[in-house]
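In: this is a predicted model, with the sequence first.
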Amino acid sequence: MGRVYVAGSINMDVVATADRHPKVGETVAGQQVLYFPGGKGANQAVAASRLGARTTLIGRLGKDSFGAELKAFLGGQGIDLGYLQETAQAHTGTAIITVAAADNTIVVIPGSNALVSADDVSVVPLVKGDVAVSQFEIPLPTIAAFFRRARAAEATTLLNPAPAQKFGRELLELVDILVLNETELGFLAGTELSDSDEAVRIIDVARQLQAHADQTICVTLGKRGVLALAGQEEFPVPGRVVKAVDTTGAGDCFVGALAAQLADEVPLRTALAFANAAASISVQRMGAGPSMPTAAEVAAVL
């Protein structure tokens with residue numbers, strides 16, 4: 001089994017719950033405030049580790065109380081933190097999240113995540129069979145350096161381009177597997193997409209984004225499941241209908257679960273079905289990192 005290496009963000013999620021989201025300029029009464037370990041990189045690493053993959057997280061924390069709490073939590077999940085650095089130059093990344101009616105709005109303050117550098121990822125001992133995972137909460141040049149290092153080692157590269165931002169063709173060409181939702185796909189392709197669009201249209205847009213003939217693009221569609229374009233082959237993965245409590249981190253759970261399966265050399269179709277089931281479990285719990293399921297929990301619903 002290969003190892004999962006995640007280069008990414010680590011945040012403390014400060015979650016406020018309310019009956020509904022406030023409109024612009026409006027104040028609403030909340031119900032409670034909660035603190036959860038989060039950040040897309042940390043979430044994906046926790047998901048992979050809980051699902052049985054040997055997992056290493058590369059990132060940065062501030063030398064503050066949030067940083068200390070997050071380091072203790074991540075270490076408790078069995079994640080290798082040998083490439084995690086602490087810095088006094090910036091505070092630990094923080095996300096301010098409002099949850100109402102199972103939907104969320106998020107404001108992310110990068111803090112120390114913005115300092116994750118190409119040097120940080122250049123020393124990672126990737127080998128063939130490993131999976132290198134990243135997302136857009138650390139600098140793009142760092143991700144490019146990480147993926148070039150992975151390519152040189154013949155490891156698989158998996159990118160989750162969220163939060164969505166425009167990026168160059170050079171980085172896209174370094175990606176073996178791209179995982180994104182329909183909104184992010186539309187943004188990157190310069191077209192409008194929604195979760196009600198027909199599968200044929202979504203796949204057509206994904207094909208336009210494909211950087212090379214054997215690139216895989218996985219489009220997550222929530223309860224509708226997943227659409228996959230694997231090279232020239234396209235196929236759907238059916239969704240699972242559950243009662244969602246908090247969707248924060250569902251996409252990260254999917255990415256981490258998929259990486260864990262690929263590191264275990266599981267075929268793509270099977271890996272996507274597993275990842276979809278894992279994400280469906282995570283949305284039934286509050287919080288991002290703490291909501292990630294175990295392999296036994298996923299196996300029980302498949």
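Out: Right, received. Where do you want to start?

In: look up how far residue 250 lies from the nearest residue to residue 223 once chain neighbours are set aside.
Out: Nearest residue to residue 223 in three dimensions, chain neighbours excluded: residue 239, at 4.6 Å (CB to CB, 6 or more residues apart in numbering). For the C-beta atoms, the positions are set from N, CA and C on the backbone; glycine is no exception. Look at residue 239 and residue 250: by CB to CB, to the nearest Å, they are 12 Å apart.

In: looking at the two, which is more packed in?
Out: Higher neighbour count among residue 239 and residue 250: residue 250, with 23 against 16, using other CB atoms under 10 Å.

In: okay, and the beta partners of residue 58?
Out: Counting by DSSP bridges, residue 58 is bridged to residue 7.

In: OK, contacts around it?
Out: Contacts for residue 58 (CB atoms under 8 Å, 6 or more residues apart in numbering) come out as 5, 6, 7, 8, 83, 84, 116, 120, 121, 124, 146.

In: how about residue 185?
Out: 193, 202, 205, 206, 209, 217, 219.

In: what segments of the stretch 101-250 of the chain are helices?
Out: 118-122, 140-152, 169-172, 182-189, 199-209, 250-263 (DSSP state H, counting those that start in this stretch).

In: comparing those, which stretch has the densest surroundings?
Out: Among the helices of the stretch 101-250 of the chain, ranked by average contacts under mean count of other CB atoms under 10 Å, first place goes to helix 250-263 (a mean of 29).

In: so for the spatially most central residue of the chain, what's the pLDDT?
Out: Centroid-nearest residue in the chain, with CA atoms, centre = their mean: residue 252, separated by 3.1 Å. Per-residue pLDDT puts residue 252 at 95.

In: again, but for residue 287
Out: Confidence score, pLDDT, at residue 287: 77.

In: before we move on, back to that, give the contact list for the residue nearest to the residue nearest to the centre of the chain when sequence neighbours are not counted.
Out: For residue 252, ignoring the flanking residues on the chain, the nearest one in space by CB to CB, 6+ apart is residue 43 at 3.5 Å. Applying CB under 8 Å, 6+ apart to residue 43 gives the contacts 249, 252, 253, 256, 288, 289, 292.

In: and the lowest-mean-pLDDT helix or strand in the chain with helix 250-263, angle?
Out: Least confident helix or strand of the chain, by mean pLDDT, DSSP states H and E, is strand 103-109 with a mean of 87. Angle, strand 103-109 to helix 250-263, by axes from the mean of the first three to the mean of the last three CA atoms, to 10 degrees: 80 degrees.

In: circling back to that earlier point, quick one, what contacts the residue nearest to the centre of the chain?
Out: The contact partners of residue 252, by CB under 8 Å, 6+ apart, come to 40, 43, 44, 47, 135, 160, 288.

In: okay, now residue 72: neighbour count?
Out: Under the neighbour criterion other CB under 10 Å, residue 72 is assigned a count of 10.

In: what's the closest of the helices of the stretch 101-250 of the chain to residue 35?
Out: Across those, residue 35 has its closest neighbour in helix 250-263 (17.6 Å, CB to CB).

In: can you name the element that comes right after that closest one?
Out: Under the assignment DSSP states H and E, the closest C-terminal helix or strand after helix 250-263 is helix 268-282.

In: I'd like to check the angle between that next one and helix 250-263, please.
Out: In terms of direction (the same axes, to 10 degrees), helix 268-282 departs from helix 250-263 by 140 degrees.

In: tell me the mean pLDDT for helix 268-282?
Out: This predicted structure assigns helix 268-282 an average pLDDT of 95.

In: what's next to that helix, contact-wise?
Out: Residues contacting helix 268-282 (CB under 8 Å, 6+ apart): 47, 51, 216, 218, 220, 225-226, 228, 230, 235, 237-240, 242, 249-251, 253-258, 261-262, 266, 291-293, 297-298, 301-302.

In: re earlier: closest one to residue 165 out of the contacts of residue 185, please.
Out: residue 209 (14.4 Å).

In: surely the closest one meets residue 189?
Out: Yes. Counting by CB atoms under 8 Å, residue 189 is a contact partner of residue 209 at 5.1 Å.
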